[in-house]
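any chance you can model this:
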Amino acid sequence: MKTIKLTVSEAIARYLAAQKIDIDGKVETLFGCGFAIFGHGNVTCLGQQLHNIQDTIPIWRGQNEQSMAVAAVAYAKANKRQRIGIASTSIGPGATNMITAAGIAHTNRLPLLMFAGDAHVSRLPDPVLQQVEHAHQPSLSVNDAFKPVTRFWDRITHPAQLMQSLPTAIATLTDPANCGPVMISLPQDIQGVAYDYPEALFEECIHHIRRPEADTRSIEAAISLLEKAEKPLIIAGGGVHYSEANQLLAEFAQRRNIPVVETIAGRSSLLQSHPCNMGPIGVTGSNSANAMAAECDVLVAIGTRLQDFTTGSWSVFRNPAVKIVSVNVAHMDAIKHRAMAVIGDARHTLVRLDSGLGEWQADQRWLEKGQAEVAEWKSLCANRGEIVAGQMASYAQVIASVNAVQEPGDTVLTAAGGLPAELNMNWQSKQLGKFDIEFGFSCMGYEVAGGWGAKIANPDNEVVVLVGDGSYMMMNSDIYSSVLTGHKMIVVVCDNAGFAVINKLQNNSGNPSFNNMLADCRSQADELVRVDFLQHAQSQGAYGEHLSDISDFRAAYQRAKESPRTYVIVVDIDSTKWSSCDCWWDVGLPEVVREDVDEAQVAAMNAGRVHQRRGL
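Numbers count the residues shown, from 1 in each chain. Down below sits the predicted model:
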């Protein structure tokens with residue numbers, strides 16, 4: 001066996017560069033980009049080797065460790081988990097800054113490869129700069145904090161370990177059932193240690209995303225349930241996108257007369273014009289989807305975790321006899337809520353279900369009921385988005401304006417705060433995918449960094465970032481990253497002067513406004529000073545403008561499209577105007593109502609509990 005003497009860092013870089021993926025017959029590098037902020041824990045060895053492979057894997061400089069890892073997560077999502085981003089940091093605070101990004105990737109089942117420096121294995125120089133010491137566990141470091149939010153975690157203490165660790169990491173990142181973030185901890189003194197590695201380890205390796213086949217008995221059981229269904233309903237989750245089952249789902253649903261509703265992650269699984277698309281389901285969904293869910297007797301959940309915002313905390317399915325079929329590659333997701341588990345790839349499973357159903361179709365009247373419901377929802381969305389000159393804009397008006405100017409290939413992206421609900425409730429999908437609401441981890445600050453990553457994945461099309469003032473303040477430095485690296489975005493900043501959506505929840509649960517809106521925060525200043533978001537973005541090199549009237553949005557957007565670099569449009573938002581749908585959400589409320597809490601509000605919120613399913 002031929003060997004080659006390489007340092008740990010050289011071996012890592014060479015191995016990563018050799019990993020490829022076959023996507024519909026086209027072979028590309030598996031790792032399409034990397035992000036790094038260097039320090040004494042990763043610059044002298046790993047950083048040098050990342051430099052040597054940057055013609056194969058471009059390495060971009062971030063401004064914050066969390067945001068660059070977020071950009072890598074969004075890059076992977078934009079590539080349907082088929083291409084992956086890398087993030088590398090030094091030890092200590094640089095590493096811990098990535099934990100939130102790991103949480104996003106883990107919750108959303110997205111691949112992310114992280115390398116962080118660590119203290120010396122030899123312990124000769126201990127304690128080193130940025131080392132957190134534990135007297136009774138000397139090998140414990142801040143990198144151990146990644147264990148709850150990673151799918152695979154390892155610390156390299158000997159160079160030979162790479163021969164097992166790296167292939168396992170790749171297998172995790174490319175596994176449709178176990179996909180998620182990987183953390184490899186690299187002690188500083190180990191990165192430069194040399195070892196005789198087998199040359200075969202660094203040969204080109206072409207990966208293919210597996211499509212697990214479901215057990216025949218589970219397919220037959222699902223078919224049997226559907227054949228007895230009078231009011232079947234499909235929930236399309238993010239797995240529809242990742243298995244590339246969109247076209248098959250569209251054909252299957254139409255041929256079988258089965259209405260389809262979408263989760264937040266599954267939005268744009270079907271075009272909004274599709275006759276079976278009943279709109280988004282759940283707390284931030286549509287009355288049309290929730291009305292269908294209330295009556296359905298067989299629910300086919302495809303590629304979804306059935307999270308509480310999807311199920312209205314399990315209050316939307318009001319038929320006591322409803323049966324659930326869960327199609328998912330992940331065993332832990334498929335078996336939830338006593339579902340009939342069909343553990344397999346969505347695309348393959350739809351083909352087999354369709355083949356086994358013969359001439360069966362659901363009652364046309366059930367589908368027509370849904371079409372009547374969805375027509376009302378679309379009319380409501382149109383009314384919400386109608387521009388009224390001279391009035392302060394609402395979120396719905398901004399979203400309708402973006403919706404109207406979106407072109408094929410353009411991606412729209414947002415995350416936590418008021419925008420995810422508003423975008424989910426009002427967006428009319430004119431193309432499949434190209435729609436990213438990070439609501440699994442619901443992470444404020446995802447938007448700008450995620451937009452940067454999505455743009456790296458889609459260099460030839462616009463990426464439109466919708467971000468609230470609260471999220472912008474938490475993490476915005478990748479506006480500069482996008483300018484520095486030439487990845488132009490259009491960023492729409494919606495300023496409602498605070499954390500307005502949480503203020504709404506605060507008020508709806510019977511509490512007075514406190515510490516959410518800027519006007520309600522404790523302050524010793526003589527006057528309330530507002531952030532000038534336009535000037536701030538311009539100071540990072542972006543172009544932009546501040547709109548005083550939402551009716552000017554289309555013209556502003558055209559200027560943004562023509563701009564050679566990132567363009568920021570700031571819009572003032574009325575914090576009292578919200579879209580809504582008829583759906584309950586279970587949030588913790590006090591059992592004992594005190595005098596400072598509105599008893600009627602608490603009672604109203606608790607009233608929804610009557611529909612909540614028990615004993616799952």
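
any idea how far stretch 161-181 is from the middle of the chain?
20 Å (C-alpha atoms, centre = their mean, to the nearest Å).

flag every buried residue along that stretch.
By 16 or more other C-beta atoms under 10 Å, the buried positions in stretch 161-181 come out as 161-162, 165-166, 169-170, 172-181. Every C-beta, even on glycine, is put in place using the N, C-alpha and C of the backbone.

out of these, the closest to residue 67 would be?
Distances from residue 67 to the buried residues of stretch 161-181, taken as C-beta to C-beta, are shortest for residue 181 (15.4 Å).

who does that closest one form a beta bridge with?
Beta-bridge pairing for residue 181 (DSSP bridges): residue 112.

correct me, but it touches residue 105?
Yes: between residue 181 and residue 105 there is a contact under C-beta atoms under 8 Å: 4.0 Å.

out of the buried residues of stretch 161-181, which are inside helices?
The helices, defined by DSSP state H, take in 162, 165-166, 169-170, 172-173 from those.

dump these into TSV; add pLDDT and distance to residue 560 as well.
Shown next, in TSV, are those (pLDDT from 0 to 100; distance: C-beta to C-beta, whole Å):
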residue	pLDDT	distance to residue 560
162	98	46
165	98	45
166	98	42
169	98	39
170	98	39
172	98	39
173	98	35
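
could you identify the most distant pair in the buried residues of stretch 161-181?
161 and 176 (26.2 Å).

list the residues that contact the closest residue in space to residue 254 that isn't next to it in sequence.
Distances taken as C-beta to C-beta, 6 or more residues apart in numbering place residue 276 nearest to residue 254, at 5.6 Å, with adjacent residues excluded. Contacts were defined as C-beta atoms under 8 Å, 6 or more residues apart in numbering; by that measure residue 276 touches 250, 253-254, 257-260, 270, 367, 370.

any idea which of the residues you listed is closest to residue 470?
residue 270 (32.0 Å).

I'd like to know how far that closest one sits from residue 471.
29 Å (C-beta to C-beta, to the nearest Å).

what does residue 555 give?
For residue 555, the distance to residue 471 - C-beta to C-beta - is 26 Å.

of these two, give the one with the bigger neighbour count.
Remark: of residue 555 and residue 471, residue 471 carries more neighbours, 26 against 11, as counted by other C-beta atoms under 10 Å.

assign a three-state SS to the closest residue in space to the more buried one that isn't next to it in sequence, would you?
Distances taken as C-beta to C-beta, 6+ apart place residue 444 nearest to residue 471, at 4.4 Å, with adjacent residues excluded. Secondary structure, DSSP: H, G, I helix; E, B strand; the rest coil: residue 444 is coil.

got it, and residue 300?
Secondary structure of residue 300, per three-state DSSP, is strand.

tally of neighbours for it?
29.

surely it meets residue 327?
Yes: between residue 300 and residue 327 there is a contact at 6.7 Å, judged by C-beta under 8 Å.

residues bridging contact with the two, i.e. touching both?
residue 222.

leaving out chain neighbours, which residue sits closest to the most centrally placed residue in the chain?
Central residue of the chain (C-alpha atoms, centre = their mean): residue 438, 3.4 Å from the mean position. Nearest residue to residue 438, sequence neighbours excluded (C-beta to C-beta, 6+ apart): residue 415, at 4.1 Å.

can you list residues touching both of residue 181 and residue 105?
With C-beta under 8 Å, 6+ apart, residue 181 and residue 105 have common neighbours 111-112, 149.

can I get those in a markdown table including distance to residue 32?
Shown next, in a markdown table, are these (distance: C-beta to C-beta, whole Å):
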| residue | distance to residue 32 |
| --- | --- |
| 111 | 11 |
| 112 | 13 |
| 149 | 23 |
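
which one of those residues is nearest to residue 212?
Checking those against residue 212 with C-beta to C-beta, the nearest one is residue 111 at 17.1 Å.

quickly note the distance from that closest one to residue 294.
Residue 111 is 36 Å from residue 294, by C-beta to C-beta.

between the two, who's got more neighbours?
More crowded of residue 111 and residue 294, by other C-beta under 10 Å: residue 111, with 29 against 18.

of the contacts of residue 276, buried ones?
250, 253, 257-260, 270, 367, 370.

circling back to that earlier point, can you list the shared contacts of residue 181 and residue 105 in a markdown table and add distance to residue 377 and pLDDT?
Shown next, in a markdown table, are the shared contacts of residue 181 and residue 105 (distance: C-beta to C-beta, whole Å; pLDDT from 0 to 100):
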| residue | distance to residue 377 | pLDDT |
| --- | --- | --- |
| 111 | 35 | 98 |
| 112 | 35 | 98 |
| 149 | 36 | 98 |
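
where does pLDDT dip in this protein?
594-597, 615-616 (pLDDT under 70).

of all the helix elements in it, which one is longest?
The chain, longest helix under DSSP H: helix 364-385.

remind me what that helix packs against, helices and strands.
Counting contacts by 3 or more C-beta pairs under 8 Å, 6 or more residues apart in numbering; DSSP states H and E, helix 364-385 packs against strand 277-280, helix 287-295, helix 395-405, helix 419-426.

can you list the domains in the chain?
For the chain, the domain assignment from automatic domain parsing gives the residue ranges 3-207, 216-376, 386-572.

wait, which of the ones you listed is closest to residue 590?
Residue 590 lies closest, by C-beta to C-beta, to one member of those: domain 386-572, at 9.0 Å.

many thanks, have a good one.
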